[in-house]
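> here's a sequence, model it:
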Amino acid sequence: MAERTAATGWTVVVNHEEQYSVWPGDRPAPAGWREESRHCTREQCLEHIARVWTDMRPLSLRNRMERPA
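Numbering: from 1, shown residues only. The predicted structure follows:
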C-alpha cells in the first residue's frame, strides 16, 4: 500500500473496549471508534499503538477479571 500524503496521513483510532487500529486520516473514524492521533505516518501510528496498547484484552474482560470473586 502506498504511503498517504502528510496532509491526509493516518490516524490512530480506539474503541470503547480500548482496542486500537490505524485508519486513513482523510476519513472520519468508523462508528464506535474515536480518533486518538491524526496525520501520522503509518509507522508512527503503529509505534504509538505498540507503546500504549500493552494489554490486548478488551476493557470489559479486564474489568471482569479484576472484580473479586
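> from here on, just use CA atoms for contacts and neighbour counts.
OK.
> ok, now how distant is Val52 from Arg67?
Distance of Val52 to Arg67, computed by Cα to Cα, to the nearest Å: 23 Å.
> in the lengthiest strand in the chain, what's buried?
Ranked by number of residues, the top strand in the chain under DSSP state E is strand 33-40. Residues of strand 33-40 classed as buried by neighbour count (16 or more other Cα atoms under 10 Å): 33-35, 37-40.
> lowest-confidence member of those residues, which is it?
Here the lowest pLDDT out of the buried residues of strand 33-40 sits on Arg38, with 80.
> correct me, but Cys40 touches Val22?
No. Cys40 is not in contact with Val22 according to Cα atoms under 8 Å; the separation is 9.8 Å.
> now the helices for the chain?
42-52, 59-66 (DSSP state H).
> flag the shaky bits of this protein, pLDDT-wise.
1-7, 69 (pLDDT under 70).
> next up, the contacts around the spatially most central residue of it.
Centroid check for the chain by Cα atoms, centre = their mean gives Tyr20 as the closest residue, at 2.7 Å. Listed by Cα atoms under 8 Å, 6 or more residues apart in numbering, the contact partners of Tyr20 are 12-14, 49, 53.
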